[in-house]
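**Q** the sequence and its predicted three-dimensional model are supplied below.
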Amino acid sequence: MKINERFLELKDSYLFAKVGQKTAEYRAAHPEKKVIKLSIGDVTRPLAPAVVRAMQKAVGEMSQKETFKGYGPDRYCYGYASLLESIKGSYRRKNVALSSDEIFISDGAKSDLGNILDLFAQDNLVLVPDPVYPVYVDTNIMGGRRIVYADATEENGFLPMPDERIKADLIYICSPNNPTGAAYTCEQLKVWVDYALKRNAVILYDAAYEYFIEEDGLARSIYEVEGARECAIEFCSFSKTAGFTGVRCGYTVVPKELVRSGASLNRLWARRQSTKFNGVSYISQMGAAAVFTEEGEREIRENIGYYKRNAERIAKMLRDLNLFYTGGKNSPYLWLKCPKGMDSWGFFDYLLENANVVGTPGSGFGKNGDGFFRLTAFGDADETEEACARIKKLFI
Ligand code: MLT
């Protein structure tokens with residue numbers, strides 16, 4: 001018996017687990033202190049009333065013999081028609097037409113971003129931006145793939161563009177980006193799409209933060225770009241859009257035109273999902289279907305507005321302290337340069353001990369993140385205000 005030794009190449013803990021552990025240790029040692037968490041991007045607003053009503057109705061249906069549901073529909077990899085229709089409607093508003101069998105309902109973007117790698121051979125070269133959501137890197141290390149990095153720096157506005165010298169086969173793009181908050185325009189994404197098409201590569205496009213985009217010209221879906229249906233898979237989630245981190249529901253789009261080595265990736269993914277996955281609960285799916293109704297959309301926009309006001313509070317504090325930052329506008333994350341030349345974990349400890357505020361060290365997202373720090377706008381408004389006041393007092 002042999003283990004997958006690639007696991008031994010991983011850092012000993014997942015970034016957010018390490019942050020959580022350090023926070024728990026500090027709390028245990030200082031029970032009298034009120035620690036404020038602006039670290040993991042976890043939502044704090046309750047579910048929208050339209051979503052709650054839809055879920056309550058679904059619970060009622062599950063309690064009656066006549067309306068009870070077991071496994072979801074086989075035909076669409078367990079996705080219910082009402083949810084698929086509402087997702088198609090949300091894409092139509094972005095001028096993107098999808099068919100129901102191109103949409104795969106999942107329990108969230110993170111799982112699918114990891115699971116999709118089942119479709120690709122081990123000897124593909126993987127291009128990942130640095131800094132980046134650690135899941136892309138860790139899952140490829142587990143799979144034994146070679147990774148090259150596209151540097152996202154202050155100089156390129158944290159939006160790297162393709163380098164023709166790199167012969168990438170799988171390309172990860174996250175826009176609006178976690179952790180930097182930077183978002184690509186459709187014109188910029190077109191350059192990536194052209195690069196992928198030329199190389200016969202596949203783009204894995206993480207659109208989990210799409211609902212935070214407010215500026216015109218920024219892409220809300222990679223399929224707004226011509227040619228993307230031939231080269232891109234898009235991962236979406238209700239977690240950040242509609243507060244589903246504790247409910248679990250997401251969706252992945254695999255267009256029919258996406259064919260590699262003569263095989264339809266849509267067919268391969270359907271085969272993979274029907275073998276290794278049994279779908280998302282009916283109750284979660286019905287809640288998710290309510291998100292894109294007129295009422296649901298209005299209500300989730302109110303919650304997003306609440307987080308955006310938090311982002312503006314944090315941004316103002318950073319401006320008052322004259323600290324360089326990006327994000328916070330089309331994204332729930334603010335990406336700042338640590339003051340006084342501190343490194344990321346040094347700043348983490350300093351902030352935890354002196355302001356009792358927890359953030360996420362930039363170096364946890366890659367080498368280019370060193371000297372940077374991420375704060376999330378997903379917290380409670382009063383706590384965010386208090387955290388800002390504490391940080392300001394420390395550095396003014
Ligand atoms: C984050 O803080 O980066 C996110 O919460 C991670 C995630 O969504 O898995």
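**A** Everything's here; your move.
**Q** near the ligand, which residues of this protein?
**A** Contact residues (CB under 6 Å from any ligand atom) of the chain with the ligand: 40-42, 110, 133, 178. Yep, even glycine has a C-beta here, placed from its N, CA and C like the rest.
**Q** let me know the next secondary structure element after the helix or strand hosting Trp192.
**A** Per DSSP states H and E, Trp192 falls inside helix 186-199. Downstream of helix 186-199, the next assigned helix or strand under DSSP H and E is strand 202-206.
**Q** name every strand pairing with that following strand and say which way it goes.
**A** strand 170-174 (parallel), strand 232-237 (parallel) (DSSP bridges).
**Q** need those in JSON lines (columns: mean pLDDT).
**A** Output for these, formatted as JSON lines (pLDDT from 0 to 100):
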{"stretch": "strand 170-174", "mean pLDDT": "98"}
{"stretch": "strand 232-237", "mean pLDDT": "98"}
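**Q** can you redo those as CSV with distance to Ser90 and mean neighbour count?
**A** Listed next are those as CSV, based on distance: least, CB to CB, whole Å; neighbours: other CB atoms under 10 Å:
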stretch, distance to Ser90, mean neighbour count
strand 170-174, 19, 25
strand 232-237, 9, 26
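**Q** got the angle between the helix holding Trp192 and strand 202-206?
**A** 150 degrees (axes from the mean of the first three to the mean of the last three CA atoms, to 10 degrees).
**Q** for helix 186-199, buried residues please.
**A** 186, 188-190, 192-193, 195-196, 199 (16 or more other CB atoms under 10 Å).
**Q** quick revisit: can you put the strands paired with strand 202-206 in a markdown table and add distance to Phe104?
**A** A markdown table is the format used below for the strands paired with strand 202-206 (distance: least, CB to CB, whole Å):
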| stretch | distance to Phe104 |
| --- | --- |
| strand 170-174 | 18 |
| strand 232-237 | 10 |
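**Q** which among the ones you listed is found nearest to Ser261?
**A** Ranking the strands paired with strand 202-206 by proximity to Ser261 (CB to CB) places strand 170-174 first, at 13.8 Å.
**Q** which residues in the stretch 201-350 of the chain form helices?
**A** 239-242, 265-276, 282-291, 294-320, 344-355 (DSSP state H, counting those that start in this stretch).
**Q** what sits up against the second one?
**A** Helix 265-276 is contacted from outside by 74, 77-78, 101-102, 104, 106, 115-116, 118-119, 202, 233, 252, 254-256, 258-259, using CB atoms under 8 Å, 6 or more residues apart in numbering.
**Q** rounded mean pLDDT for that helix, please.
**A** For helix 265-276, mean pLDDT is 97.
**Q** using PDB, list the CA coordinates for it.
**A** Output in PDB follows, covering the C-alpha atoms of helix 265-276 (Å, rounded to 0.1, in the frame of the first residue of the first chain):
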ATOM      1  CA  LEU A 265     -15.700  17.900 -21.900                       C
ATOM      2  CA  ASN A 266     -19.400  18.300 -21.200                       C
ATOM      3  CA  ARG A 267     -19.900  14.600 -21.700                       C
ATOM      4  CA  LEU A 268     -16.800  13.700 -19.600                       C
ATOM      5  CA  TRP A 269     -18.000  16.000 -16.800                       C
ATOM      6  CA  ALA A 270     -21.500  14.500 -16.900                       C
ATOM      7  CA  ARG A 271     -19.900  11.100 -16.700                       C
ATOM      8  CA  ARG A 272     -17.700  12.100 -13.800                       C
ATOM      9  CA  GLN A 273     -20.500  13.700 -11.800                       C
ATOM     10  CA  SER A 274     -22.900  10.900 -12.300                       C
ATOM     11  CA  THR A 275     -20.300   8.500 -11.000                       C
ATOM     12  CA  LYS A 276     -18.900  10.400  -8.100                       C
END
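**Q** ok, and the most crowded of the residues of the chain next to the ligand?
**A** Within the residues of the chain next to the ligand, most neighbours by other CB atoms under 10 Å means Asn178, with 26 neighbours.
**Q** please report phi then psi for Gly362.
**A** phi -60, psi -30 (degrees, to the nearest 10).
**Q** might one say that it is in contact with Gly346?
**A** No - taking contacts as CB atoms under 8 Å, Gly362 lies outside contact range of Gly346: 11.4 Å.
**Q** ok, the closest residue to the ligand within the chain - contacts?
**A** Closest contact between the chain and the ligand, by CB to the nearest ligand atom, is at Gly41 (3.2 Å). Gly41 is in contact with 178, 240, 332-333, 376, 378, counting by CB under 8 Å, 6+ apart.
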